[in-house]
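Q: requesting a structural model of the entry that follows:
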Amino acid sequence: QVQLVESGGGLVQAGGSLRLSCAASGSIFSIGTLGWYRQAPGKQRELVADVTSGGITNYADSVKGRFTISRDNAKNTVYLQMNSLKPEDTAVYYCNADQVYMTSSGSYYYTGDSYWGQGTQVTVSS
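A: Residues are numbered from 1 along each chain as shown. As a prediction, the model looks like this:
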C-alpha cells in the first residue's frame, strides 16, 4: 500500500555530513509521523528522530544538536540532515511512516499499519 524509498547513504569520514531522503508513494491521504531509525550490527533498531505532520520533532539524545529531521508534506518526503558524524553513527538507516491514512473511492481510511523502507547504509570512518 505504501512504499518508502530511501536514498543518500554512503561512506563519510568522521566530522562529515550526509543527507538522507525518504519518499513515500501510494494512494496516501496523510501520514501522521515520519521517522528515521537505525540498526547497527548486533544491536537493536533504535529511533533516531521523527517528525509529525504538524512539524513537532523528536530526537534521540545521541544525535541532538547534530542531526536535523524535516519533512515536505506535499511530497510525502522526509529528510535527515546529519552533521558532525561519528563512527558510532554507522548503521543501516530505515525510514518509517506511521498513522497513515489512504485514499479510496473518494474517501479515506486509517490503515493501522506502520511502514518501513528497505534501509540505506551509513558508514562513518574514523
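
Q: who does the longest strand anywhere in the chain touch, helix- and strand-wise?
A: The strand spanning the most residues in the chain, taking DSSP state E as the definition, is strand 91-104. In this structure, strand 91-104 packs against strand 3-7, strand 18-25, strand 28-39, strand 107-110, strand 115-116, strand 120-125, with contacts taken as 3 or more CB pairs under 8 Å, 6 or more residues apart in numbering; DSSP states H and E. To be clear about C-beta, it is placed using only N, CA and C from the backbone, and glycine gets the same treatment.

Q: how far off centre is the fifth one?
A: Which is strand 115-116. Its chain's average C-alpha position is 10 Å from that of strand 115-116, according to CA atoms, centre = their mean, to the nearest Å.

Q: can you list the strands that it pairs with?
A: According to DSSP bridges, the neighbouring strands of strand 115-116, each with its direction, are strand 91-104 (antiparallel).

Q: burial count for Thr120?
A: When neighbours are counted by other CB atoms under 10 Å, Thr120 registers 22.

Q: also Gln44?
A: Going by other CB under 10 Å, the residues that sit close to Gln44 add up to 7.

Q: quick check, pLDDT for it.
A: Gln44 is assigned 97 on the pLDDT scale.

Q: from Ala91, how far off is it?
A: Summarising the geometry, the distance separating Gln44 from Ala91, computed by CB to CB, to the nearest Å, is 11 Å.

Q: over to Gln1?
A: In this view, Gln1 and Ala91 are 27 Å apart by CB to CB.

Q: so the two - more neighbours on which side?
A: Here Gln1 and Ala91 are set side by side on neighbour count (other CB under 10 Å), and the busier one is Ala91, at 22 against 10.

Q: I'd like to know how far that one sits from Asp61.
A: Using CB to CB, we find Ala91 at a distance of 16 Å from Asp61.

Q: cool, Ser17 as well?
A: Plainly put, Ser17 is 20 Å away from Asp61 if you go by CB to CB.

Q: what's the answer for Thr123, then?
A: Distance of Thr123 to Asp61, given as CB to CB: 22 Å.

Q: next: Leu20.
A: Summarising the geometry, the distance separating Leu20 from Asp61, computed by CB to CB, is 19 Å.
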